[in-house]
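[1] Sequence first, then the predicted structure:
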Amino acid sequence: MNTNLTTTDIPDVLKELEEAFFDIPFENSAFQNRAFVVAAQQTPARAFRAVGLRMFSKIQAVKEHLYNKELAEINLEEKREKLQSPDIDKFEKRRIELEIRKIQDGEGYANKLFNDALRDLDCMYAEFKRLPKYTREQFEAEEEKHFEQRLTRQLSAGGAQESLLNMRQDLPQLGERIEAAIAEIKQQALPAPAADPQPAPKGLPPAFPVH
């Protein structure tokens with residue numbers, strides 16, 4: 001289909017694209033996050049770390065968008081006020097009007113990326129809530145297991161083969177691995193069983209409390 005687009009068509013095409021792709025992820029899909037960010041980790045401790053890294057990154061992206069949006073509103077307000085000045089010459093007026101249009105033209109794409117970051121953050125937060133929470137000592141205790149399993153796998157399955165294992169094996173088994181990790185952490189937190197009382201020496205009566 002030959003549409004013969006010209007530069008005058010760009011605003012309408014851009015609006016159409018922004019509507020069509022607003023909710024299509026330009027970074028990771030939810031499936032990618034679950035399979036290749038979370039499940040791909042060889043231990044739940046490493047999955048916990050991976051989730052944290054991505055969440056902090058997306059929170060910074062969300063905050064940056066909000067800062068930029070507020071700054072853009074201030075700039076727009078300032079420029080519109082300058083347009084009302086009786087001392088403004090025609091060239092400065094045209095320059096300010098162009099700057100206003102440029103700011104407004106970027107709003108649609110910025111909002112799309114903001115939506116992407118929020119959806120990504122929401123996905124990662126759901127994973128964060130289901131994973132066990134680790135202390136530094138508990139995390140370090142899992143590191144040898146993580147690297148041994150990861151390096152052993154890479155010896156026989158690298159690249160695309162490993163990614164297929166992430167999808168077909170690691171992701172379906174993630175829930176079981178999380179449950180096992182939670183049970184292990186709970187077991188570590190249990191107090192040590194009380195020692196059995198020492199039996200009294202033969203020939204002596206058992207000890208009685210002194211009142």
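    Yep, that arrived.
[2] Tell me where the chain has helices.
    10-21, 30-32, 44-83, 90-105, 107-130, 136-156, 160-165, 171-189 (DSSP state H).
[3] Now render those as CSV, adding mean neighbour count and mean pLDDT.
    (Glycine included, C-beta is placed from N, CA and C.) Converted to CSV, these look like this (neighbours: other Cβ atoms under 10 Å; pLDDT from 0 to 100):
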stretch, mean neighbour count, mean pLDDT
helix 10-21, 11, 94
helix 30-32, 14, 97
helix 44-83, 15, 97
helix 90-105, 12, 96
helix 107-130, 17, 97
helix 136-156, 12, 94
helix 160-165, 13, 93
helix 171-189, 13, 92
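[4] and these as CSV, adding distance to Thr3?
    Listed next are these as CSV, based on distance: least, Cβ to Cβ, whole Å:
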stretch, distance to Thr3
helix 10-21, 9
helix 30-32, 32
helix 44-83, 32
helix 90-105, 21
helix 107-130, 21
helix 136-156, 48
helix 160-165, 37
helix 171-189, 41
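[5] and of these, who's closest to Asn4?
    Across the helices of the chain, Asn4 has its closest neighbour in helix 10-21 (12.1 Å, Cβ to Cβ).
[6] centre of the chain versus the closest one, how much separation?
    For helix 10-21, the separation from the chain centroid amounts to 28 Å (computed by Cα atoms, centre = their mean, to the nearest Å).
[7] same for it, what does it pack against?
    helix 107-130 (3 or more Cβ pairs under 8 Å, 6 or more residues apart in numbering; DSSP states H and E).
[8] ok and the helix it packs on relative to helix 10-21, angle-wise?
    20 degrees (axes from the mean of the first three to the mean of the last three Cα atoms, to 10 degrees).
[9] ok, and the closest non-adjacent residue to Ala72?
    Computed as Cβ to Cβ, 6 or more residues apart in numbering, the closest residue to Ala72 that is not its neighbour in sequence is Ile103, at 5.3 Å.
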